[in-house]
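Trainee: here is my input; please provide its structure:
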Amino acid sequence: MKFALGHCVVTRGAAQLLERLRVNAIDLLLRHASGDDGDLSAHDKALNAAAIASGQDRVFSAYELAGGHRVWVITEWDRSVTTILLPDEY
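Mentor: Numbering: from 1, shown residues only. Here you go, the predicted model:
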């Protein structure tokens, strides 16, 4: 793991989607914590790298799932909480 995740939570909408698609939330958290930030622009990937190095900004990942669905994983700047959510739940 490249950074601490803190308390991990999943929103209701994301939990329902992951269950329907049979995606394991732990797998997404492990990808996120290992620095695999998924389907982001080069600019956003650079922001994540800087956030991980400094420990002073949030870390954001976006993953494309089956059927064109997307989920986001966001770790707060202080590494206290990581949330898996749908983009429209932000």
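
Trainee: from here on, just use CA atoms for contacts and neighbour counts.
Mentor: OK.

Trainee: all strands for the chain, in order.
Mentor: For the chain, the strands defined by DSSP state E cover 7-10, 59-64, 70-75, 81-85.

Trainee: which ones are touching the spatially most central residue of the chain?
Mentor: In the chain, the residue lying closest to the centroid (C-alpha atoms, centre = their mean) is Val73, at 1.8 Å. Neighbouring residues of Val73 by C-alpha atoms under 8 Å, 6 or more residues apart in numbering: 28-29, 32, 60-62, 82-85.

Trainee: neighbour-wise, which of those leads?
Mentor: His32 (26 neighbours; other C-alpha atoms under 10 Å).

Trainee: just give me the longest helix of the protein.
Mentor: Counting residues, the longest helix in the chain under DSSP state H turns out to be helix 42-54.

Trainee: next one: it to chain centre, how far?
Mentor: Chain-centre distance of helix 42-54: 13 Å, with C-alpha atoms, centre = their mean, to the nearest Å.

Trainee: could you give me the average pLDDT of that helix?
Mentor: Here helix 42-54 scores 96 as its mean pLDDT.

Trainee: returning to that earlier point: nearest to Leu18 among the strands of the chain would be which one?
Mentor: Shortest distance between Leu18 and those, using C-alpha to C-alpha, is found for strand 70-75: 9.0 Å.

Trainee: strand 81-85 and that closest one, what's the angle between them?
Mentor: Compare the direction of strand 70-75 with that of strand 81-85 by axes from the mean of the first three to the mean of the last three C-alpha atoms, to 10 degrees and you get 170 degrees.
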